[in-house]
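A.B. asks: I would like to see how this sequence folds:
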Amino acid sequence: MAKFILLLSLTILAYSSGSFLQNRARGVDPEINMTIEEILTTRGYPHETYWTTTQDKYILKLYRIPYGRNQTKKDYNPNVILFQHGITGSSDFSLCNKADRSLPLVMADQGFDIWLGNNRGNKYSTNHTKLNPSKDKQFWEFSFHEMGVYDLPAQIDFITSFTNNSKIIYIGHSQGTSQMFAGGSMLPDYFASKIKVFIALAPATNLAHAQGNFLKVGADLYLDRFLIDIGYTVLFNDKPSSEKTAATICAYVHVYCEATEDILLFNSKEDDDEDGYIVSEAHEPSGASVKSVSHFAEVIRSKRFKRLDKDEDYNLDNIKYPVCMHVGRDDNLATVADNVILRDRLNKNGYLHAYNEYDKVAHSTFLLGKVGQTQFINDIIKCANDFKQ
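C.D. replies: Residues are numbered from 1 along each chain as shown. The predicted structure is shown next:
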């Protein structure tokens, strides 16, 4: 309801200021009203759906793109990639840009077997063998720690067993990197035995220099603790009809796009493709536990990549697999300043495979880049190809 009121207010404001229908010529992208399955079918990509259960009984949904457009299915493909989304996101977000800039589709066309993960608590993974997310607050007692310790092993074990591969390539964005670094620090031998290379997009560990985004503002105001105190357990539950309404208004009312891009979703109107962003508005945000937000808030406040339940840092010296880091110079959450510290630590331990910084790349640009922003795509492909069989 709050989002709808905001949408209505911005629509009236835009209309009264003369900017209403500013973008009418572009119209509404039909993908706003499509499911991800329909988007993939329309674009000519095969897709499959699977489920896996974690050790602590959360049921997670996996999408698979087994091969690229205009390719044929292989009986065996040793080159498998798992993509993992960021906070409040889902597998949808990586597919909202045009096909030639959507990383999972680009990598599928490069001959990789693509799997798209969904963490516990997002719109695709709100199932549990015992707990009801609508009735049991215990369902929402998790953060990126549990995603790293439970969700990733469940997904990786399912994928390696299904594809008959012992190791995979992992690509994480934002929280998808946090959970892998947390998991790798807690279960070093497991992840060393399963990961060929970890490709980290907008790596989010120590966030001491984060500025100007909703996580930083919320952390400074202790909003996470306030929400916990008043009994909130979940934020941004997926409401398909309201998200599609938001995306439709965004297509016509430019001021709404700018407001939500800058404040909520770590997007940059200067760096990101607006059409891709509008499609993402119809699919995201997809839900997050308050505890997940609180964990990031605590990392920001403490200036340490630490556990939420203990005053204990994640030991990144336990990371025992190659890492390729990709960092945007316009990123106001996973900043260059913080990632240089991470880079140097990984390099000291001998596990930094590559480090790349990019101008005109913000936090979500790796998934929503504009036409012509191909350098980071080429670097990601190169890193994956270094471990391709």
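
A.B. asks: Residue 226 sits in which helix or strand?
C.D. replies: helix 223-229 (DSSP states H and E).

A.B. asks: Other residues contacting that helix?
C.D. replies: Residues outside helix 223-229 that contact it (Cβ atoms under 8 Å, 6 or more residues apart in numbering) are 217-218, 235, 290-291, 293-294, 297-298. Every C-beta, even on glycine, is put in place using the N, C-alpha and C of the backbone.

A.B. asks: Same check on stretch 123-139?
C.D. replies: With Cβ under 8 Å, 6+ apart as the test, stretch 123-139 has contacts from 53, 57-61, 90-91, 118-119, 121, 140, 233-234, 237-238, 286-287.

A.B. asks: just the helices in the stretch 251-389 of the chain please.
C.D. replies: For the stretch 251-389 of the chain, helices defined by DSSP state H, counting those that start in this stretch occupy the ranges 254-263, 274-281, 290-302, 336-348, 365-368, 375-385.

A.B. asks: For the stretch 251-389 of the chain, which residues score under the pLDDT cut-off?
C.D. replies: Within the stretch 251-389 of the chain, the segments meeting pLDDT under 70 span 251-267.

A.B. asks: Between the two ends of stretch 104-119, what distance do you get?
C.D. replies: End-to-end span of stretch 104-119 (Cα to Cα, to the nearest Å): 17 Å.

A.B. asks: in that stretch, what counts as buried?
C.D. replies: Of all the residues in stretch 104-119, those buried under the rule 16 or more other Cβ atoms under 10 Å are 104-110, 112-119.

A.B. asks: Would you mind measuring from residue 157 to residue 109?
C.D. replies: In this view, residue 157 and residue 109 are 27 Å apart by Cβ to Cβ, to the nearest Å.

A.B. asks: what does residue 230 give?
C.D. replies: Counting by Cβ to Cβ - residue 230 and residue 109 are separated by 48 Å.

A.B. asks: any chance you could map the strands in the stretch 151-300 of the chain?
C.D. replies: 168-173, 195-201, 234-235, 288-289 (DSSP state E, counting those that start in this stretch).

A.B. asks: List the neighbouring strands of the last one plus their orientation.
C.D. replies: Neighbouring strands of strand 288-289 in its sheet, by DSSP bridges, are strand 234-235 (antiparallel).

A.B. asks: Relative to the whole chain's centre, how far out is the partner strand?
C.D. replies: Strand 234-235 sits 17 Å away from the centroid of its parent chain (Cα atoms, centre = their mean, to the nearest Å).

A.B. asks: now swap in stretch 219-231 and tell me
C.D. replies: 23 Å.

A.B. asks: and what of stretch 82-97?
C.D. replies: 4 Å.

A.B. asks: cool, and stretch 84-102?
C.D. replies: Here the centre of stretch 84-102 is set off from its chain's centre by 7 Å, with Cα atoms, centre = their mean.

A.B. asks: correct me, but residue 373 touches residue 366?
C.D. replies: No - using Cβ atoms under 8 Å, residue 373 makes no contact with residue 366, being 9.3 Å away.

A.B. asks: more crowded one of these two?
C.D. replies: Legend: neighbour count by other Cβ atoms under 10 Å for residue 373 and residue 366, higher for residue 366 (28 against 19).

A.B. asks: Quick one: residues contacting that one.
C.D. replies: Applying Cβ under 8 Å, 6+ apart to residue 366 gives the contacts 103, 173, 201-202, 326, 328, 376, 380.

A.B. asks: do residue 170 as well
C.D. replies: By Cβ under 8 Å, 6+ apart, residue 170 lies in contact with 81-82, 84, 156, 180, 195, 197-199.

A.B. asks: got the contact list for the residue nearest to residue 224 when sequence neighbours are not counted?
C.D. replies: Nearest in space to residue 224, with sequence neighbours left out and distances taken as Cβ to Cβ, 6 or more residues apart in numbering, is residue 294 at 3.8 Å. Residue 294 is in contact with 143, 224-225, 227-228, 308, counting by Cβ under 8 Å, 6+ apart.

A.B. asks: In PyMOL, how would I select the buried members of those?
C.D. replies: Applying 16+ other Cβ under 10 Å to these, the buried members can be selected in PyMOL as follows:
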select buried, resi 143+224+227+308
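
A.B. asks: between the contacts of residue 294, which is nearest residue 40?
C.D. replies: Ranked by distance to residue 40 (Cβ to Cβ), those are led by residue 143 at 30.2 Å.

A.B. asks: The nearest residue to the closest one once chain neighbours are set aside - how many residues pack around it?
C.D. replies: Of all residues not flanking residue 143 in the chain, residue 295 sits nearest, at 3.6 Å (Cβ to Cβ, 6+ apart). A count of nearby residues for residue 295, using other Cβ under 10 Å, gives 26.

A.B. asks: From residue 207, how far out is residue 295?
C.D. replies: Here residue 295 is placed at a distance of 11 Å from residue 207 (Cβ to Cβ).

A.B. asks: What of residue 235?
C.D. replies: Separation of residue 235 from residue 207 (Cβ to Cβ) stands at 19 Å.

A.B. asks: Neighbour count: these two, which is higher?
C.D. replies: residue 207 (25 against 18).

A.B. asks: Next up, the contacts around the more buried one.
C.D. replies: Residue 207 sits next to 215-216, 296, 299-300, 303, 305, 333-335, 338 when contact means Cβ under 8 Å, 6+ apart.

A.B. asks: these two touch, right, residue 37 and residue 45?
C.D. replies: No - using Cβ under 8 Å, residue 37 makes no contact with residue 45, being 10.1 Å away.

A.B. asks: Neighbour count: those two, which is higher?
C.D. replies: Shown here are residue 37 and residue 45; by other Cβ under 10 Å, residue 45 has more neighbours (23 against 12).
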